[in-house]
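[1] sharing a model that was predicted from the sequence below.
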Amino acid sequence: MTQLYLFLGPTLPAFDGPADIRILPPIVAGDLLRLPLREGDVVGIVDGYFHQQLSVRHKEILAVMERGVRVLGSSSMGALRAAELDVFGMHGVGQVYEDYRAGRIDGDDEVALRHGPPESGYRAMSVPLVNMRETLAAAHRNGICCRETADRIIDALHSIPYAQRTYRLLPALADEVACSKQELAEIEAHCVHNPVDVKRADALELITRMRQPEREPDRRPPVNRTVHLVAWELAARGRAYTGQDLSSSPVPGDLDALRVLQLFSADYPAFLHEERLSRIAEECAELCGTSSTRTGHAATALAHSGHRGVFDVDGDLGFLDSWLTAGEQSDCAPQEKSKLFLARSFQIRPGVAREEPLLDRLQHTPGFAHAAVIAQASHEVETERVRRDPAYSNALLALEPIRQLLIDLWGSTERDADIHALDRGFSSLQEAADAARPFFLIVHCGADLGELSDFSVKAPSAALAGTSATSD
């Protein structure tokens, strides 16, 4: 059954639309990829954040269109994206879209406004310039002002930040507009009492269009699966909106749980090494016809390094030292050193998410379930910290305590920490510390990490359900 989704906010505040349309908050990057979209579904984009959050990416829209989803845009962020992507099949609706498409307006700030939070019904605190344009045009038609005065007012408003644009501001523009304050006060009064809301009209037209079947199937734009798109899809995995409450924020998902395992599971390095050596062995079987049934993945992977001319296990292996800890350099046999090098230097081909096969193998294990609990607890702590102090961000946390926590948990030294980071899928201790920021407070305060190493595939432990976390 076709599902209809509409990203909406201050353009139609407190809108109670048709029951067959699921209303979502203003769109941000990643929201489209989190929706449970299927071929034939319809998405309408009206409002979207752009200042305080990352805007919806063009490639996300193209990616869902390639899957057979019809995407329409109007009024605000939707009009902007439709004007940019209509040549690829996105549907633009309404006057604002047409003005952008024709080049009559071109600034993103034309549709922007300052508004209150969702609980206020997105109460408007400024007026979008596209609405002011139409309201002043109507004032000219009604004989309140001449065309030249209306144009000069719009030119003056252009130089004012979007968040400060209101009709009450007009008398203060007397010098710039070359009009008396009295004349501008009369224009202001007319605009306040006779506003033209072109964004609202466009949004209502979009809603009508969403519910009408298309006469011809939409063409699907071919989309190159770049590493960026793969990363965005992976980040959205497990964070999908669920049930009927699509207005709620998505909770931490699979990638967050995987990061917890990467960073804090004692057995994750051994798991990752086995996973990577098995993939090399699979390539050897495919390209060289070598079976690892008798010899095992590690031996086949070592043989494959010779097949591909990477290195000779019986040759000079001095170059491996930069991939080994101090203890491994002195204590490990040549073959063991070679296996460590292969596992640590492994690179998956571009366009493939390196985490995806790991998630497929781990997501039904008790360790993964416990990691998800820690990720959720961390999210709740972060949410509470922001509620108490809106200026808080984990990006403000000093990295040195996080680095030291990881060194201690990994049983490493400062010298070998980058090597241990490779064992966990990170390029360096610095990258691992950055990834650990969201989870640092929970782990630092003594979260139970013991269950993170249970990678047996079975039902998650019932004991996990009672795990909770608090924060000051």
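    Yep, it's here.
[2] now A235: how far from R147?
    According to C-beta to C-beta, to the nearest Å, A235 and R147 sit 50 Å apart. C-beta coordinates here come from the backbone N, C-alpha and C atoms, glycine included.
[3] these two: which is more packed in?
    Ranked by neighbour count (other C-beta atoms under 10 Å), A235 and R147 place A235 first, with 19 against 11.
[4] my guess is that one is in a strand, correct?
    No: counting by DSSP: H, G, I helix; E, B strand; the rest coil, A235 is not found in a strand; it is helix.
[5] leaving out chain neighbours, which residue sits closest to it?
    L255 (5.5 Å; C-beta to C-beta, 6 or more residues apart in numbering).
[6] so L72 touches R209, yeah?
    Yes: the criterion here is C-beta atoms under 8 Å, and L72 meets it with R209 at 6.0 Å.
[7] tell me, what's touching the two both at once?
    Taking C-beta atoms under 8 Å, 6 or more residues apart in numbering as the criterion, L72 and R209 both touch H91, V93.
[8] with neighbour numbers in mind, choose between the two.
    Comparing L72 with R209 by other C-beta under 10 Å, the one with more neighbours is L72, at 23 against 17.
[9] name the SS class of the more buried one, please.
    Classification of L72 using three-state DSSP returns strand.
[10] what sits against the nearest residue to it once chain neighbours are set aside?
    For L72, ignoring the flanking residues on the chain, the nearest one in space by C-beta to C-beta, 6+ apart is H91 at 4.3 Å. H91 sits next to R70, V71, L72, G73, A82, R209 when contact means C-beta under 8 Å, 6+ apart.
[11] with distance to N131 added, can I get those residues in a markdown table?
    A markdown table is the format used below for the contacts of H91 (distance: C-beta to C-beta, whole Å):
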| residue | distance to N131 |
| --- | --- |
| R70 | 27 |
| V71 | 24 |
| L72 | 21 |
| G73 | 18 |
| A82 | 18 |
| R209 | 21 |
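[12] any chance of those residues in JSON lines, plus distance to A301 and pLDDT?
    Putting the contacts of H91 into JSON lines (distance: C-beta to C-beta, whole Å; pLDDT from 0 to 100) gives the following:
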{"residue": "R70", "distance to A301": "47", "pLDDT": "95"}
{"residue": "V71", "distance to A301": "44", "pLDDT": "96"}
{"residue": "L72", "distance to A301": "50", "pLDDT": "97"}
{"residue": "G73", "distance to A301": "49", "pLDDT": "98"}
{"residue": "A82", "distance to A301": "50", "pLDDT": "97"}
{"residue": "R209", "distance to A301": "56", "pLDDT": "95"}
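[13] closest to I402 out of these?
    Closest approach between the contacts of H91 and I402, by C-beta to C-beta: V71, at 39.9 Å.
[14] test my guess that the closest one contacts V46.
    No: using C-beta under 8 Å, V71 makes no contact with V46, being 12.0 Å away.
[15] when those two are compared, which one has more neighbours?
    Just comparing V71 and V46: by other C-beta under 10 Å the higher neighbour count belongs to V46, 31 against 26.
[16] per-residue pLDDT, the more buried one?
    The score at V46 is 97. That number is its pLDDT.
[17] picking that back up, and the residue nearest to L72, its phi and psi?
    Taking degrees, to the nearest 10, you get phi -100, psi 120 for the backbone angles of H91.
[18] from M210, how far off is it?
    9 Å.
[19] how about L234?
    According to C-beta to C-beta, L234 and M210 sit 29 Å apart.
[20] could you do L157 as well?
    Distance, L157 to M210, by C-beta to C-beta: 32 Å.
[21] now the longest helix seen in the chain: buried residues?
    The residue-count maximum for a helix in the chain (DSSP state H) belongs to helix 366-388. Buried residues in helix 366-388, counted by 16 or more other C-beta atoms under 10 Å: 366-382, 385.
[22] all strands of this protein, in order?
    Remark: strands assigned in the chain by DSSP state E are 4-7, 21-24, 42-45, 70-74, 91-93.
[23] contacting residues around the closest residue to L12 other than its chain neighbours?
    The shortest distance from L12 to any non-neighbouring residue, by C-beta to C-beta, 6+ apart, is to A203 (5.2 Å). Residues in contact with A203, defined by C-beta under 8 Å, 6+ apart, are L8, T11, L12, V46, S74, S75, G94.
[24] which of the residues you listed lies closest to P269?
    L8 (46.6 Å).
[25] tell me how many other residues surround that closest one.
    28.
[26] now it. Nearest residue, chain neighbours left out?
    V46 (5.0 Å).
[27] distance of the closest residue to P222 other than its chain neighbours from S55?
    Nearest non-adjacent residue to P222, counting by C-beta to C-beta, 6+ apart: E66, 6.9 Å away. For E66, the distance to S55 equals 20 Å [C-beta to C-beta].
[28] ok, now R424?
    Distance, R424 to S55, by C-beta to C-beta: 32 Å.
[29] higher neighbour count, those two?
    R424 (21 against 16).
[30] that one reaches D267, doesn't it?
    No: between R424 and D267 there is no contact under C-beta under 8 Å: 11.0 Å.
[31] residues contacting the residue nearest to V260 when sequence neighbours are not counted?
    Once flanking residues are discounted, V260 sits nearest to A371: 3.9 Å by C-beta to C-beta, 6+ apart. Taking C-beta under 8 Å, 6+ apart, we find A371 in contact with A257, L258, V260, L261, F264, S265, L452.
[32] go on, S378?
    Contacts of S378 (C-beta under 8 Å, 6+ apart): P252, D256, P438, F439, L441, I442, A469.
[33] hang on, the second one packs against F368?
    Right, the one you point to is D256. No: counting by C-beta under 8 Å, D256 stays clear of F368, with 11.0 Å between them.
[34] low pLDDT regions in this structure?
    Across the chain, the ranges flagged by pLDDT under 70 are 238-251, 292-294, 348-353, 457-472.
[35] how does it divide into domains?
    Following automatic domain parsing, one finds the domains of the chain at 4-114+200-236, 128-194, 251-472.
[36] comparing these, which comes out most buried?
    Mean neighbour count (mean count of other C-beta atoms under 10 Å) peaks for domain 4-114+200-236 among those, with a mean of 19.
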